[in-house]
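S.K.: Structure for the following, please:
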Amino acid sequence: MTLEPVHMRKISELAKRIDRSFEYEEPKTADDIYKLLEELKIDGKVILRAVDRLFRGMVRTALMAQCEDPYPVTYACDSGSTNPKTYDSGLFVDFCHCALAATPTDLDLQRYRTIVCAAYSSSQKVAMQSTEGWEEFDEGMGRAKLVRIAPDELKKKASDMVHSLAMYLAESEHILYMMDRMDPAGFFIMDGPIYPKQLMYWVVLGDEEVQLRRNDDARKALQNYIDIMDHFLEKRAPVIGFVKNPLDMQIMDTVRKKGVGFDLPWMLDTQFFRNVLSLEKCANGGFRQGAGNGRNGKSGDGINGPGNAYITYTNWFQQPNRFYEKLLNGTSPLAAGDKLQDGLRHKFPPEDYALCFFMLYVPSKDVVFKVEAPYGLVKDDFLRMQITKKVLFDLSLHGFPLTLTKADHVAKIRKVERKEIDKFFENMNPDTDYNDLRWGNISEV
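M.R.: Numbering: from 1, shown residues only. This next block holds a predicted model:
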């Protein structure tokens, strides 16, 4: 052990000084802020508004799991990545491998794969031959493409941009590739947000050192996400983005800027939602009962035992304006369209692509999830209710969307495979640092 009892005692003393400092009236503060979210404005712009009405709901997982699945056929898309690799030649490269999974399991569907390799070198002498169209493999069940970022398109953020381009292009292309192979009555889950936020940011920013707006593949990725939403809006079919680790700060930042007259203890939106969705902290006040009635406790909570485990959730919210402060005037790829000379195609009114979301809190795991969907679907009362019910059903039954777990398992590029890929670059040595030496032999779980 590195830390002995004497060290732990001193750490305990320091921790208690911090712990005892926090005596905010968090439940009241959280409730007061939540009321502001009916329509949250700043500088005359609506940042957030409730779709329909403001509420907080609760379902007992044991009862919800006994309900009928509103969408018996479920699909999920996920991608695995080597993560950006760097080599002593100055090359940055990332391989992204995308797959689809289904419940009930469909092995034929699962066999289809899309692989995108994105590469960048700052040298003007390097002539990497990017792929014209797609190269098919595995009896036509797989497609692969090499794309590159030109030296004059990037002067910084090389690892981030190579990864973003590989991931967003692979995922969006694979979803479009598989559209006609999925049951139109199914439920579709994207891993993470429904839009490529980081790519949108850099395309719009137009930074002198990050000129991705010049890159045809970056623009194609943005258009792909609009085409994906067009498909689901046209079919009136449900699509969601399931965000496992939401890191947004926009709500708390806006409330702080408004100067609402009370102390605001949270910086992250997730910290706020964990408080406002906790029955223990809010004494069950203001919660609308879902499946089942009565006081519900955490799983394993004595008299409120496992049979009374619950999930709490918010109403849906629409985010029509403002991503990344003043840089994006909307919350869909169309926000980037104004900055692109050739624009972006879309079949529906711009507001239909605006980001909507609701939040869930799973006390048994003490985690907060975010579920996203386009406004064009969420504004439909029946679809909104069905999407909400489906997510609550999956979480009640499995603790996490089962089909998304399957997709993650199929798409993941494991550590041993990443090491093997390094060996394919015969003329280059991978860049290593001390952490590679320190942690390189530790098994990946």
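
S.K.: contacts and neighbour counts: CA atoms only from here.
M.R.: Fine.

S.K.: Do you know the pLDDT at the residue nearest to residue 346 when sequence neighbours are not counted?
M.R.: In this structure, residue 346 finds its nearest non-sequential neighbour in residue 226, 6.5 Å apart by Cα to Cα, 6 or more residues apart in numbering. On the pLDDT scale, residue 226 is placed at 96.

S.K.: Is it correct that residue 226 falls within a strand?
M.R.: No - counting by DSSP: H, G, I helix; E, B strand; the rest coil, residue 226 is not found in a strand; it is helix.

S.K.: does it really touch residue 343, like I thought?
M.R.: No - in this structure, residue 226 is not within contact of residue 343 by Cα atoms under 8 Å, at 11.9 Å.

S.K.: The two: who's more crowded?
M.R.: residue 226 (21 against 13; other Cα atoms under 10 Å).

S.K.: mind listing what that one touches?
M.R.: Counting by Cα atoms under 8 Å, 6 or more residues apart in numbering, residue 226 makes contact with 333-334, 345-346, 353.

S.K.: let's go with 10 Å and repeat that
M.R.: Each residue near residue 226 by Cα atoms under 10 Å, 6 or more residues apart in numbering is listed here: 172, 195, 332-334, 344-348, 353.

S.K.: These in helices, which ones?
M.R.: Within the contacts of residue 226, residues falling in helices by DSSP state H are 172, 334.

S.K.: Residue 423: which of the contacts of residue 226 is nearest?
M.R.: Set against residue 423, the nearest of the contacts of residue 226 by Cα to Cα is residue 172 (28.6 Å).

S.K.: Selection in ChimeraX covering whichever of the contacts of residue 226 are buried, please.
M.R.: Selection command for ChimeraX covering only the buried members of the contacts of residue 226, criterion 16 or more other Cα atoms under 10 Å:
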select :172,195,332,333,334,344,353
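
S.K.: On the three-state scheme, the spatially closest residue to residue 151 that is not a sequence neighbour is what?
M.R.: Nearest residue to residue 151 in three dimensions, chain neighbours excluded: residue 122, at 4.5 Å (Cα to Cα, 6+ apart). Under three-state DSSP, residue 122 falls in the coil class.

S.K.: In contact with residue 122, which residues?
M.R.: Residue 122 makes contacts with 90-92, 149-156, 158, as judged by Cα under 10 Å, 6+ apart.

S.K.: Residue 199 touches residue 219, doesn't it?
M.R.: Yes - applying Cα atoms under 10 Å, one finds residue 199 in contact with residue 219, separated by 9.1 Å.

S.K.: got any residues that touch both of the two?
M.R.: Joint contacts of residue 199 and residue 219 (Cα under 10 Å, 6+ apart) are 165, 212-213, 333, 336.

S.K.: Sort out for me which of those are in helices.
M.R.: Short answer: those in helices (DSSP H) are 165, 336.

S.K.: export the shared contacts of residue 199 and residue 219 to a markdown table and tack on distance to residue 203 and pLDDT?
M.R.: As requested, those are arranged in a markdown table below (distance: Cα to Cα, whole Å; pLDDT from 0 to 100):
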| residue | distance to residue 203 | pLDDT |
| --- | --- | --- |
| 165 | 11 | 96 |
| 212 | 6 | 87 |
| 213 | 5 | 85 |
| 333 | 10 | 88 |
| 336 | 7 | 72 |
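
S.K.: Check which helix or strand residue 102 maps to.
M.R.: strand 92-103 (DSSP states H and E).

S.K.: Quick one: name whatever helix or strand follows that strand.
M.R.: Next element after strand 92-103 (DSSP H and E): helix 107-111.

S.K.: So which bits of that next one are buried?
M.R.: The neighbour-count check on helix 107-111 (16+ other Cα under 10 Å) flags 109-110 as buried.

S.K.: Give the other helices and strands that that helix contacts.
M.R.: strand 92-103, helix 402-411 (3 or more Cα pairs under 10 Å, 6 or more residues apart in numbering; DSSP states H and E).

S.K.: so what sits against both of residue 226 and residue 343?
M.R.: By Cα under 10 Å, 6+ apart, residue 226 and residue 343 have these common neighbours: residue 334.

S.K.: List the residue ranges of this structure that fall below the pLDDT cut-off.
M.R.: Along the chain, segments meeting pLDDT under 70 span 1, 22-28, 206, 262, 282-286, 289-308, 322-327, 337-342, 433-445.

S.K.: The stretch 101-250 of the chain: strands as residue ranges?
M.R.: Secondary structure of the stretch 101-250 of the chain (DSSP state E, counting those that start in this stretch): strands at 113-120, 135-137, 142-149, 187-191, 239-243.

S.K.: Quick one, which of the ones you listed gets closest to residue 72.
M.R.: Across these, the minimum distance to residue 72, taken as Cα to Cα, is reached by strand 187-191, at 8.1 Å.

S.K.: Who are the packing partners of the closest one?
M.R.: Looks like strand 187-191 contacts strand 74-81, strand 92-103, helix 158-178, strand 239-243, strand 367-374, helix 381-398, helix 402-411 (3+ Cα pairs under 10 Å, 6+ apart).

S.K.: Quick one: closest of these to residue 42.
M.R.: Checking the helices and strands packed on strand 187-191 against residue 42 by Cα to Cα gives strand 367-374 as the closest, at 22.4 Å.

S.K.: who does residue 42 bridge with?
M.R.: residue 45 (DSSP bridges).

S.K.: Spatially, which two of the contacts of residue 226 are the most separated?
M.R.: Longest span within these, Cα to Cα: 172 and 348, 19.0 Å.

S.K.: hang on, the earlier thing: Throw the strands of the stretch 101-250 of the chain into JSON lines and include mean neighbour count, thanks.
M.R.: Listed next are the strands of the stretch 101-250 of the chain as JSON lines, based on neighbours: other Cα atoms under 10 Å:
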{"stretch": "strand 113-120", "mean neighbour count": "26"}
{"stretch": "strand 135-137", "mean neighbour count": "13"}
{"stretch": "strand 142-149", "mean neighbour count": "21"}
{"stretch": "strand 187-191", "mean neighbour count": "23"}
{"stretch": "strand 239-243", "mean neighbour count": "22"}
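
S.K.: Distance check, the residue sitting nearest the centre point of the chain against residue 19.
M.R.: The centroid of the chain falls nearest to residue 192 when counting by Cα atoms, centre = their mean (2.1 Å). Going from residue 192 to residue 19 by Cα to Cα, to the nearest Å gives 33 Å.

S.K.: before we move on, what about residue 190?
M.R.: Per Cα to Cα, residue 190 is found 38 Å from residue 19.

S.K.: Equivalent analysis for residue 430, please.
M.R.: Residue 430 is 45 Å from residue 19, by Cα to Cα.

S.K.: Of the two, give the one with the bigger neighbour count.
M.R.: Ranked by neighbour count (other Cα under 10 Å), residue 430 and residue 19 place residue 430 first, with 16 against 10.
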